[in-house]
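Asks: Have a look at this prediction, sequence included:
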Amino acid sequence: MTDWLGMLAAPRNPRPDLKGRVLARALAPRRRWGGPLAAAALITLAVGGGAAWWAYRTIGALTTERAVLAARVGALEDTVATFLHGPATRLIQIPVSTGGRVGSVTIFADSARHRWLVRCDGLAPNARDQAYQLWFITERGMSTAAVMPMDEDRPMVMALEMPPGGVLGAAMSIEPRAGSASPSGPMVFHRLL
């Protein structure tokens, strides 16, 4: 259709070597990409598998740690709910002076569950062969509540079961490291409730 306008180019014969070049290229063996692609795929799988294994182990460790922390928080919430917010809880704060330092012993006495939560703040660390010993004052005399070796300058918190019968008060003395059956050392405090 373009020939009637005179726009058609006159046919030309191809160069003689063009036919040979086209046939040689068509019949030449093709480059093989299978080997390098397979190696790259294996490397990708190995790296991906290693990353997946690491993620699996990390998630497992974090899940275990979270469960431990959740259990600790639950126990602490139970302790706080029991001791601090219970209607049968009584708060006793006793100022003390040890080793020239002023501190306090705070007792949350739960009469419904017959337990005490005791927190000691600001007490001087004990000598190597000594410990603080907490006593229940009962109708039958002094009964050991806890032996508390305080080697570091940090608060100490403990939960104690009250002895059967009535508890009339609390006392603390400085005793030998193993504790003693009756108060024999210097008295830190003696308080009737």
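Replies: Right, received. Where do you want to start? Residues are numbered from 1 along each chain as shown.

Asks: top helix in the chain by residue count?
Replies: Longest helix of the chain, by residue count under DSSP state H: helix 34-79.

Asks: Surely residue 165 touches residue 136?
Replies: No. Applying CB atoms under 8 Å, one finds residue 165 not in contact with residue 136, separated by 9.5 Å. All C-beta spots, glycine's among them, are computed from the backbone N, C-alpha and C.

Asks: Compute the distance between the residue positioned nearest the centre of the chain and residue 158, please.
Replies: Centroid-nearest residue in the chain: residue 69, 5.2 Å away (criterion: CA atoms, centre = their mean). Residue 69 sits 21 Å away from residue 158 when distances are taken as CB to CB, to the nearest Å.

Asks: same deal with residue 44?
Replies: 57 Å.

Asks: So those two - more neighbours on which side?
Replies: residue 158 (13 against 10; other CB atoms under 10 Å).

Asks: In a helix, that one, correct?
Replies: No. Per DSSP: H, G, I helix; E, B strand; the rest coil, residue 158 lies outside any helix segment and is strand.

Asks: now it, which residues is it bridged with?
Replies: The partner list for residue 158 in beta bridges (DSSP bridges) reads residue 118.

Asks: ok, it - contacts?
Replies: Shown in contact with residue 158 (CB atoms under 8 Å, 6 or more residues apart in numbering): 117-118, 146, 148.
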